[in-house]
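Trainee: give me the fold of what follows.
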Amino acid sequence: MRYEDFSPPSAGFNPTYTGGRLERAFLLESMAEFYDDRLIGDILFKVKGGKEANVYACSAFGSRGGGLLAAKVYRPEAFRAMKNDQLYRLGREETAADGKAIRDSRALRAMHKRTKVGRALRSGSWIQAEYRALCDCYDAGLAVPEPVSMNERVILMSFIGDEDGAAPTLHDVRLEVEEAQRASDALFEQVAGMLELGRIHGDLSAYNVLYHRGEPVVIDLPQCVDPHTHPAAYELLRRDVERLCSYFARCGVERDPAGVTAELWRTRVRR
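Mentor: This is a model prediction of the structure:
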């Protein structure tokens with residue numbers, strides 16, 4: 001599946017952001033339903049590009065109070081390139097983009113073999129997993145973007161930032177010791193809260209935590225794993241903790257990663 005496989009739909013969706021011809025065609029086809037459903041009025045600019053997905057800032061319709069929404073649009077070639085996603089799928093029930101479990105043996109074999117059909121199923125399952133994780137974390141009061149809607153290619157969520165642009169990642173800011181201590185405490189509470197929901201981020205670092213109005217906001221959740229079913233859950237938690245501790249140590253806040261991991265596991269993972 002490539003950008004050139006897509007052509008613009010005939011709807012009256014004509015976003016401000018143009019991009020390249022093929023990118024625009026893919027965006028029009030992928031996001032027109034959000035325009036038709038009066039969730040977004042326009043695509044304004046690209047926030048960032050990545051190997052798996054691009055993020056775009058969109059204007060929200062007045063029915064949502066106006067303002068901005070973020071659209072995480074998975075690139076059509078993303079699931080050709082992904083090599084390590086199988087690690088995160090261990091112990092996870094595969095689901096289709098509509099949220100229904102995939103139990104058909106032929107479909108599961110196609111996913112394993114990464115055929116064209118299988119890649120499409122893997123993509124839908126990956127996006128559905130991220131949307132479910134966002135919903136669960138947001139409903140529990142954790143600091144993640146508010147999920148708004150999704151389809152088989154896109155997750156629509158609240159925009160973390162303002163009209164001048166997206167909030168920076170922790171990687172892009174250097175905090176004074178007192179501010180870093182507050183952010184560190186808040187972020188490890190987030191990690192603890194996710195554990196209580198039966199989730200480990202699995203790829204957490206200063207690159208996928210936004211820093212907005214003095215608060216850390218966790219993003220990029222498709223690879224979340226279940227601490228009760230994933231065979232490498234403790235190691236993935238330890239890696240998340242080590243990466244965060246490494247960042248905060250550079251800001252003057254020292255924590256013992258091994259001790260933090262052990263304490264989180266002991267107190268927050270119910271077995």
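Trainee: domain map for the protein?
Mentor: 3-162, 167-268 (automatic domain parsing).
Trainee: lowest mean pLDDT across those domains, which one is that?
Mentor: Looking at those, the lowest mean pLDDT belongs to domain 3-162 (a mean of 79).
Trainee: coming back round to it: got the domains of the chain as JSON lines, with mean neighbour count columns?
Mentor: Glycine gets a C-beta too; all of them are placed from N, C-alpha and C. JSON lines is the format used below for the domains of the chain (neighbours: other Cβ atoms under 10 Å):
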{"stretch": "domain 3-162", "mean neighbour count": "17"}
{"stretch": "domain 167-268", "mean neighbour count": "18"}
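Trainee: now do the strands in the stretch 1-150 of the chain.
Mentor: 40-48, 53-60, 68-74, 147-150 (DSSP state E, counting those that start in this stretch).
Trainee: ok, residue 170 - contacts?
Mentor: By Cβ atoms under 8 Å, 6 or more residues apart in numbering, the contact list for residue 170 reads 183, 206, 207, 209, 210, 211, 216, 247.
Trainee: how close does residue 233 get to residue 261?
Mentor: 11 Å (Cβ to Cβ, to the nearest Å).
Trainee: on that earlier part again, in TSV, list the strands of the stretch 1-150 of the chain along with distance to residue 12.
Mentor: Shown next, in TSV, are the strands of the stretch 1-150 of the chain (distance: least, Cβ to Cβ, whole Å):
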stretch	distance to residue 12
strand 40-48	12
strand 53-60	16
strand 68-74	18
strand 147-150	19
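Trainee: looking at those strands, which is nearest to residue 28?
Mentor: strand 40-48 (9.2 Å; Cβ to Cβ).
Trainee: by contact count, what packs against the closest one?
Mentor: helix 21-36, strand 53-60, strand 68-74, strand 165-166 (3 or more Cβ pairs under 8 Å, 6 or more residues apart in numbering; DSSP states H and E).
Trainee: what angle separates the second one from strand 40-48?
Mentor: With axes from the mean of the first three to the mean of the last three Cα atoms, to 10 degrees applied, the angle from strand 53-60 to strand 40-48 works out at 140 degrees.
Trainee: name the helices or strands packed onto strand 53-60?
Mentor: helix 21-36, strand 40-48, strand 68-74.
Trainee: for residue 173, which of those is the nearest?
Mentor: It is, among the helices and strands packed on strand 53-60 and with distance given as Cβ to Cβ, strand 40-48, at 15.7 Å.
Trainee: the closest one pairs with which strands, and in what direction?
Mentor: Next to strand 40-48 in the sheet, as set by DSSP bridges, lie strand 53-60 (antiparallel).
Trainee: and the strand it pairs with, how far out from the chain middle?
Mentor: 13 Å (Cα atoms, centre = their mean, to the nearest Å).
Trainee: give me the contact list for that strand.
Mentor: For strand 53-60, using Cβ under 8 Å, 6+ apart, the contacting residues are 17, 27, 31, 34, 39-48, 66-75, 78, 156, 159, 161, 166.
Trainee: any chance of the helices and strands packed on strand 53-60 in CSV with distance to residue 251 as columns?
Mentor: Shown next, in CSV, are the helices and strands packed on strand 53-60 (distance: least, Cβ to Cβ, whole Å):
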stretch, distance to residue 251
helix 21-36, 37
strand 40-48, 23
strand 68-74, 27
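Trainee: for the stretch 51-200 of the chain, which segments count as helices?
Mentor: 78-81, 85-89, 105-113, 116-139, 177-196 (DSSP state H, counting those that start in this stretch).
Trainee: quick one: name whatever helix or strand follows the last one.
Mentor: It stands for helix 177-196. strand 209-212 (DSSP states H and E).
Trainee: show me what that next one packs onto, helices and strands only.
Mentor: strand 215-218.
Trainee: so what are the sheet partners of the strand it packs on and their directions?
Mentor: strand 209-212 (antiparallel).
Trainee: extract the CA atoms of the partner strand and return them as PDB.
Mentor: The C-alpha coordinates for strand 209-212 follow below in PDB (Å, rounded to 0.1, in the frame of the first residue of the first chain):
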ATOM      1  CA  VAL A 209       6.100  13.000  26.600                       C
ATOM      2  CA  LEU A 210       4.900  16.500  25.800                       C
ATOM      3  CA  TYR A 211       5.500  19.300  28.300                       C
ATOM      4  CA  HIS A 212       2.500  21.600  28.300                       C
END
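Trainee: since that was my last question, I'll sign off now.
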